[in-house]
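# Have a look; sequence and predicted model below, questions after that.
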Amino acid sequence: MSRKAEGERADIYARITDRIVADLEKGVKPWMKPWHAANTDGRITRPLRHNGQPYSGMNILLLWSEGMARGFTSPMWMTFKQALELGAAVRKGETGSTVVFASRFTKSEADGNGGEVDREIPFLKAYTVFNVEQIDGLPEHYHHRQNAVLGPFERVEHADRFFRNTGVVIRHGGSQAYYSPVTDHIQMPPFETFRDAASYVATLSHESCHWTARPDRVGRDLSRYAKNKSERAREELIAELGSCFLCADLGIMPELEPRPDHASYLGSWLKILSDDRRAVFQAAAHAQRAVSFLHGLQPIQADERAAA
């Protein structure tokens, strides 16, 4: 990879991380912005591609943030070229929003013994998309996408079924919610102690993301969680993002008020992101893997992936 390409990639990490850090410094968690908007309960979804497939990982955060900042109500986005292929056109003067594409390429290098070895090198590429509200001439269904909004009872019933299908062991009692790697179970306070059913589901979503960490699931190392403040904060960021992604998929309002045992992580996240411009990208990728694993345990979707 050329120095120019490496510089561009580093700039992508820095620009996006700086935006998130600026929000955190104000005490605002950017991944919670969509749910703070008025009249959005039950309407939050992941951002969608032009073909209706959901975005994943870091792009969820980027497009949620852009949609909120610019007042878009549609979750659907597409590239300039995709709009043209549909016989439409981005309006003159409209500015796009950045999304990223992460992949790898193989490079052959000398192994020091006269031979060559193939090394996989990750790369990050940014490209521009536009919300459908910035585009004229699209087929009518792009502007009137009907999202079925489930009632509170239906949403919770659907979520209960989702977690039953994962096979996670859930025990109730006490006043704290946590995942125990030693006994491989999730401990939840009694249901009736939560403000409402959605708060219970949001907390369970968070703990379920921790549950995926075991080596025979997605394989995140939790061995230093109890001993290292930075490692603990990284894992909590993964679970926090994963909970937001999963809540959007389930149509459940996440827990907007921080739990007392999580309130202290804001400063830790600021330090991590300031020290490592890739940290939030890595956290979002881990969160996506966790949520995709949970979706993969659902019998109806056994052959599918939760997100494109």
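That came in fine, so what should we check first?

# Give me the helix or strand of the protein that scores worst on average pLDDT.
Lowest mean confidence among the helices and strands of the chain (mean pLDDT, DSSP states H and E): helix 33-36, at a mean of 69.

# what about the stretch 1-150 of the chain, any weak spots by pLDDT?
Along the stretch 1-150 of the chain, segments meeting pLDDT under 70 span 1-10, 35-43, 104-105, 112, 120-123, 144-150.

# Try it again at 90.
1-16, 19, 23-45, 52, 65, 67-74, 101-126, 140-150 (pLDDT under 90).

# Show me what secondary structure element comes after the least confident helix or strand of the chain.
helix 58-70 (DSSP states H and E).

# Measure how far whichever helix or strand comes after that following helix is from the centre of its chain, please.
Remark: after helix 58-70, the chain's next helix or strand is strand 77-78, criterion DSSP H and E. Centre-to-centre, strand 77-78 and its host chain are 18 Å apart (CA atoms, centre = their mean, to the nearest Å).

# helices or strands next to strand 77-78 in the packing?
Other elements packing on strand 77-78 under the criterion 3 or more CB pairs under 8 Å, 6 or more residues apart in numbering; DSSP states H and E are strand 116-131. For glycine as for every other residue, the C-beta is placed from the backbone atoms N, C-alpha and C.

# helices or strands next to the helix or strand that the strand it packs on is followed by in the packing?
The helix or strand immediately downstream of strand 116-131 is strand 135-136, counting by DSSP H and E. Secondary structure elements in contact with strand 135-136, counted by 3+ CB pairs under 8 Å, 6+ apart, are strand 89-90.

# can you list the residues that contact the strand it packs on?
The contact list for strand 89-90 (CB atoms under 8 Å, 6 or more residues apart in numbering) reads 80, 83, 96, 130, 134-137.

# can you do 7 Å?
80, 83, 130, 134-137 (CB atoms under 7 Å, 6 or more residues apart in numbering).

# Same check on stretch 165-177?
Looking at what lies outside stretch 165-177 - CB under 7 Å, 6+ apart - the contacts are 184-190, 203, 207-208, 211, 261, 294, 297-299.

# Relative to residue 195, how far out is residue 91?
In this view, residue 91 and residue 195 are 43 Å apart by CB to CB, to the nearest Å.

# Tell me how many other residues surround residue 231.
Here the count is done by other CB atoms under 10 Å, and residue 231 has 16 residues near it.

# Just confirm it contacts residue 221, I think it does.
No - using CB atoms under 7 Å, residue 231 is not in contact with residue 221, being 8.3 Å away.

# Just the helices from the stretch 151-300 of the chain, written as ranges.
Using DSSP state H, counting those that start in this stretch, the helices of the stretch 151-300 of the chain run over 152-166, 197-211, 229-250, 265-275, 279-296.

# Output the ones you listed as TSV; include the columns mean pLDDT and distance to residue 69.
Listed next are those as TSV, based on pLDDT from 0 to 100; distance: least, CB to CB, whole Å:
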stretch	mean pLDDT	distance to residue 69
helix 152-166	84	27
helix 197-211	93	24
helix 229-250	93	17
helix 265-275	89	19
helix 279-296	95	17
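
# So which of the ones you listed is nearest residue 11?
Proximity to residue 11, assessed across those by CB to CB, is greatest for helix 279-296 (13.4 Å).

# Quick check: buried residues in that closest one?
For helix 279-296, a neighbour-count test (16 or more other CB atoms under 10 Å) marks 279-281, 283-295 as buried.

# Measure how far that helix is from the centre of its chain, please.
Relative to its chain's centre, helix 279-296 lies at 7 Å (CA atoms, centre = their mean).

# Can you list the helices and strands that it packs against?
Applying 3 or more CB pairs under 7 Å, 6 or more residues apart in numbering; DSSP states H and E, one finds that helix 279-296 contacts helix 3-25, helix 58-70, helix 197-211, helix 229-250, helix 265-275.

# Distance to residue 160 added to the ones you listed, as JSON lines?
As requested, the helices and strands packed on helix 279-296 are exported to JSON lines (distance: least, CB to CB, whole Å):
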{"stretch": "helix 3-25", "distance to residue 160": "33"}
{"stretch": "helix 58-70", "distance to residue 160": "24"}
{"stretch": "helix 197-211", "distance to residue 160": "8"}
{"stretch": "helix 229-250", "distance to residue 160": "10"}
{"stretch": "helix 265-275", "distance to residue 160": "28"}
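
# To residue 110, which of these lies closest?
Closest of the helices and strands packed on helix 279-296 to residue 110 is helix 3-25, at 20.2 Å (criterion: CB to CB).
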